[in-house]
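Q: this one's sequence-less:
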Ligand SMILES: NC(=O)c1ccc[n+]([C@@H]2O[C@H](COP(=O)([O-])OP(=O)(O)OC[C@H]3O[C@@H](n4cnc5c(N)ncnc54)[C@H](OP(=O)(O)O)[C@@H]3O)[C@@H](O)[C@H]2O)c1
């Protein structure tokens, strides 16, 4: 199973503020969707709560140390169905919420999938990089500094090689540019 981090990171490392994104960047949301659609996405409880709904067309696995954590109901008040580790996961790209209480269990649970995307936040990125679990980083590098309270962790750039970069320049409406960049782990 390939483990890929997906994150949008400002020049000063900021990724979030008040449990939301510091910028409005529809191009990045579209890129995120195109990148992750059909694959499981693994996230921390706070990131799930910032989105507050399962991302469609993806298995949404949420980590919480609290075994009784439950996602809030749908807009119409219907309780959400959740699958709890170690119950059988659905195959394919069903919109579904699943929960696990630790990272090794979550990754073991997902090991039958070809690729899993770690979609945040700061806490989850940090653990995955520190534990050397990451094969690839797909970063939206935003060429501006933002105020915030969540940052992308320091990571060992020597362990990864830039393999692709798509530059998006500033526009009259948006004074800053951004790049979609892929870094692949250098094999030992
Ligand atoms: N720019 C981006 O690309 C991007 C992407 C995602 C998120 N964000 C931003 O990042 C911020 C949230 O990041 P965050 O670091 O505060 O929170 P987070 O990583 O989303 O969630 C942290 C929570 O996840 C659970 N968790 C994490 N690792 C776990 C483990 N190994 N075992 C069990 N539970 C685990 C814990 O929940 P419990 O407390 O319930 O135990 C922990 O408190 C927000 O501002 C969000 O908008 C930005």
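A: Perfect, thanks for sending it. Just so it is clear, the structure is predicted and the values come from calculations on it, not from any experiment. Numbers count the residues shown, from 1 in each chain.

Q: so where's the longest helix in this protein?
A: When the chain is parsed with DSSP state H, its longest helix is helix 26-36.

Q: Can you list the buried residues in that one?
A: 28, 31-32, 35-36 (16 or more other CB atoms under 10 Å). (Glycine included, C-beta is placed from N, CA and C.)

Q: Can you tell me which of those comes closest to residue 49?
A: Checking those against residue 49 with CB to CB, the nearest one is residue 32 at 17.7 Å.

Q: Report the contact partners of the closest one.
A: By CB atoms under 8 Å, 6 or more residues apart in numbering, residue 32 lies in contact with 6, 8, 119.

Q: any residue of stretch 144-155 up close to the ligand?
A: Yes - legend: contact between stretch 144-155 and the ligand by CB under 6 Å from any ligand atom is shown at residue 150.

Q: scratch that, stretch 38-47 is what I was asking about
A: Yes - Stretch 38-47 lies within reach of the ligand by CB under 6 Å from any ligand atom, at 43-47.

Q: Closest one of the residues you listed to residue 69?
A: Using CB to CB, residue 45 is the member of the residues of stretch 38-47 next to the ligand that lies nearest residue 69, at 6.1 Å.
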